[in-house]
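Colleague: I'd like to go over a predicted model; first the sequence, then the structure.
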Amino acid sequence: MERFLEWLGSTPWSVALLESTLAWPLIESSHVLAVALFFGTVMMNDLRLLGWTMRRVPVSEVTGRLLPWTRIGFTIMVVTGLLIFYSNPVRYYHNIFFRLKVILFVVAGLNAFLFHRGIHRRVMEWERLPVLPGRARAAGAISLAAWALIIVAGRLIAYNWFDCDIPGQPGWVNWAAGCPVAGD
């Protein structure tokens, strides 16, 4: 994996992207704006599932109106995120907060998959209840927490607190970051 990422990071497009004075800030800014759009719509859906907002609006209506915007935000967020990773793949691969973000991304994706394949299929049966089913509320809480933590982890990627080249770092940090061991 390390060799592949080194090769990827040395490709002309990757180097040009990382060194760009125009493309890099545009991609990064687009990523942040897409995250805001995506998380804003997800948050409104999750808050509705938790029963904390829009209680008189059916869940299917909230989802139906916000889902197209959620998908647009998600698509732009993923594309720009992949471009950001492509610009410096070795550094991101060894960043603890990037790894945490990927794990949380899987959790959030699995939660959304299970929600839409499970309880949401019967949304018409429960969407107007005064208190939504526990599984719907749990999906909303997990989603809200996971995406909030993804945003925090994403922001922390920018700091080099646990980079592989920091001497005297605890062994667990080097293990968690997948830092190469001397002699490899």
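Modeller: Received it, and whenever you're ready, just let me know what you need.

Colleague: Can you mark which positions in the least confident helix or strand in the chain by mean pLDDT are buried?
Modeller: Here the helix or strand of the chain ranked lowest by mean pLDDT, DSSP states H and E is helix 171-176, holding a mean of 86. By 16 or more other CB atoms under 10 Å, the buried positions in helix 171-176 come out as residue 174. The way it works is simple: take the backbone N, C-alpha and C, and place the C-beta from them, glycine included.

Colleague: How far away from the center of its chain is it?
Modeller: Averaging C-alpha positions (CA atoms, centre = their mean, to the nearest Å) puts helix 171-176 23 Å from its chain's average.

Colleague: can you pull the contacts of residue 36?
Modeller: Residues in contact with residue 36 (CB atoms under 8 Å, 6 or more residues apart in numbering) are residue 73.

Colleague: Kindly apply the preceding question to residue 94 instead.
Modeller: In this structure, residue 94 makes contact with 163-164, 177-179, judged by CB under 8 Å, 6+ apart.

Colleague: how does it look with 7 Å?
Modeller: By CB atoms under 7 Å, 6 or more residues apart in numbering, the residues touching residue 94 are 164, 177-179.
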